[in-house]
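K.L.:
Sequence and predicted structure below; questions after.
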Amino acid sequence: MNVITAPSKIVLDKNISVFLAGSIEIGVAERWQDKVIKDLSETNVTILNPRRASWDASWKQEISNPIFKEQVNWELEALEKAEMIVMYFDINTKSPITLLELGLFARSGKLIVCCPDGFWRKGNVAIVCERYRVQQVDSLEELIHEVKREIR
């Protein structure tokens with residue numbers, strides 16, 4: 001396993017590359033990315049993890065902020081390069097960026113989405129997934145299971 005974390009340079013190897021898209025609100029969302037990484041640690045996969053260790057919530061989220069712009073561009077590049085995108089919607093969050101990413105990549109054929117009951121826009125997510133034939137699962141455990149199945 002190889003883990004590439006924002007904002008490190010994205011250099012992919014022979015492993016299948018998986019982008020971890022989903023709820024990331026600090027202090028609200030569970031650290032689901034850590035569980036995925038732990039559970040996939042014995043596999044031949046390259047994880048593209050946008051959770052930046054040095055994130056500062058006080059940064060202005062504006063195009064004029066070079067650190068913020070670097071983060072967003074890293075995420076877009078990683079989403080585009082990844083062979084698989086796993087998307088997790090935490091029911092305790094609003095996840096507007098994850099919803100945006102769902103819209104951007106729904107037609108890509110690369111998505112597996114986990115949107116548990118209780119997420120405030122589950123209906124919208126389910127309809128988009130159904131319309132564009134995006135695989136949906138109901139739990140983080142199922143999401144990890146499907147990733148393992150796909151990379152075999």
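P.N.:
Nice, thanks for sending it over. Numbering: from 1, shown residues only.
K.L.:
Every contact and neighbour count from this point should use C-alpha atoms.
P.N.:
Fine.
K.L.:
what's the lengthiest helix in the chain in contact with?
P.N.:
As assigned by DSSP state H, the longest helix anywhere in the chain is helix 66-81. Outside of helix 66-81, the residues within contact range by C-alpha atoms under 8 Å, 6 or more residues apart in numbering are 6-7, 10, 17, 19, 48, 50, 59-63, 85.
K.L.:
Also stretch 48-65?
P.N.:
Counting by C-alpha under 8 Å, 6+ apart, stretch 48-65 makes contact with 3-7, 17-21, 24, 33, 68-69, 71, 74-75, 78, 82, all of which sit outside it.
K.L.:
that older thread, between all of the contacts of helix 66-81, which two are at the greatest distance?
P.N.:
Comparing all pairs in the contacts of helix 66-81 by C-alpha to C-alpha, the longest separation belongs to Ser17 and Lys60, at 30.2 Å.
K.L.:
Have a look at the two and say which one is more surrounded.
P.N.:
The residue with more neighbours, out of Ser17 and Lys60, is Ser17; 25 against 12, by other C-alpha atoms under 10 Å.
K.L.:
sec struct for the closest residue in space to the more buried one that isn't next to it in sequence, please.
P.N.:
Distances taken as C-alpha to C-alpha, 6 or more residues apart in numbering place Thr46 nearest to Ser17, at 4.6 Å, with adjacent residues excluded. For Thr46, the assignment made with DSSP: H, G, I helix; E, B strand; the rest coil gives strand.
K.L.:
Could you pull out the strands in this protein for me?
P.N.:
Counting by DSSP state E, the segments of the chain that form strands are 2-5, 16-22, 45-49, 84-88, 111-114, 135-137.
K.L.:
okay if I get the ones you listed as JSON lines plus distance to Glu150 and mean pLDDT?
P.N.:
Below are the strands of the chain laid out as JSON lines (distance: least, C-alpha to C-alpha, whole Å; pLDDT from 0 to 100):
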{"stretch": "strand 2-5", "distance to Glu150": "17", "mean pLDDT": "98"}
{"stretch": "strand 16-22", "distance to Glu150": "9", "mean pLDDT": "98"}
{"stretch": "strand 45-49", "distance to Glu150": "11", "mean pLDDT": "98"}
{"stretch": "strand 84-88", "distance to Glu150": "9", "mean pLDDT": "98"}
{"stretch": "strand 111-114", "distance to Glu150": "10", "mean pLDDT": "98"}
{"stretch": "strand 135-137", "distance to Glu150": "12", "mean pLDDT": "98"}
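K.L.:
That concludes my questions; thank you for your assistance.
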